[in-house]
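Participant: here you go, sequence then predicted model.
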Amino acid sequence: STQPRINMIVLGIEGSANKIGVGIIREDGTILSNPRTTYITPPGEGFQPRQTAKHHQQQVLPMVHEALKLANLKKEDINAIAYTMGPGMGAPLRSVAVVARTLAQLWKVPILPVNHCVAHVEMGRLVTGAQNPVVLYVSGGNTQVIAYSLNRYRIFGETIDIAVGNCLDRFARLIKISNDPSPGYNIEQMAKKGKNYVELPYCVKGMD
């Protein structure tokens with residue numbers, strides 16, 4: 001007789017930029033815990049790779065313990081370790097990768113490197129139940145139209161200068177808006193109180 005299939009439990013560590021999170025999730029998509037924290041810099045300043053990596057190094061192990069506690073699990077219950085392989089900032093990514101590899105060896109479980117961009121899309125598919133979506137992917141470093149074709153996700157269009165998230169971050173630094181909890185959120189709250197609507201120019205270059 002065939003054995004019943006195990007609903008795997010995976011612990012994932014994400015640290016591609018100034019946020020670090022440790023999530024525990026069942027294979028069916030049930031989120032068991034998801035503690036996270038953000039490296040906050042003073043207004044007008046961005047986050048540098050070395051300092052961001054140091055923040056992640058200080059936070060990641062306590063967050064692993066917290067994630068297990070919130071999920072009411074022990075390390076023996078974890079079937080695999082996932083981590084952000086990229087894209088992202090090099091130093092923070094390396095910090096996360098070292099911890100993930102070490103835990104996988106200590107706990108004797110498989111390790112799953114994850115593409116940051118694909119993870120965003122797959123989370124959306126899981127939550128919505130969409131089978132074959134055309135995705136508008138908007139994040140700190142990417143603004144792209146993505147769809148699945150010929151066994152991989154492909155970019156069918158993207159901004160020709162910088163990503164929307166990057167634009168908001170730069171604007172916040174320029175006028176020294178607080179980074180706590182995030183520049184984009186604070187810009188949105190300020191915009192809600194605004195009275196003057198400023199129409200920005202719109203231009204289309206070439207065939208784009």
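Facilitator: Structure received.

Participant: CA atoms for contacts and neighbours, from now on please.
Facilitator: OK.

Participant: what's the distance between P49 and N115?
Facilitator: Distance from P49 to N115, counting by CA to CA, to the nearest Å: 19 Å.

Participant: got a list of what P92 touches?
Facilitator: Applying CA atoms under 8 Å, 6 or more residues apart in numbering to P92 gives the contacts 15-17, 49-50, 52-54, 56.

Participant: now swap in K54 and tell me
Facilitator: Taking CA under 8 Å, 6+ apart as the test, what K54 contacts is P92.

Participant: can you list the buried residues in the strand or helix carrying it?
Facilitator: Secondary structure assignment for K54, by DSSP states H and E: helix 49-71. Within helix 49-71, the residues that count as buried by 16 or more other CA atoms under 10 Å are 49, 52-53, 55-57, 59-60, 63-64, 66-68.

Participant: can you list the strands that the next helix or strand after that helix pairs with?
Facilitator: Sequence-wise, the next helix or strand downstream of helix 49-71 (DSSP H and E) is strand 80-86. Sheet pairing here is set by DSSP bridges, and for strand 80-86 it gives strand 9-14 (parallel), strand 111-115 (parallel).

Participant: rebuild those as a markdown table, extending it with mean pLDDT and mean neighbour count.
Facilitator: Shown next, in a markdown table, are the strands paired with strand 80-86 (pLDDT from 0 to 100; neighbours: other CA atoms under 10 Å):
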| stretch | mean pLDDT | mean neighbour count |
| --- | --- | --- |
| strand 9-14 | 97 | 24 |
| strand 111-115 | 97 | 17 |
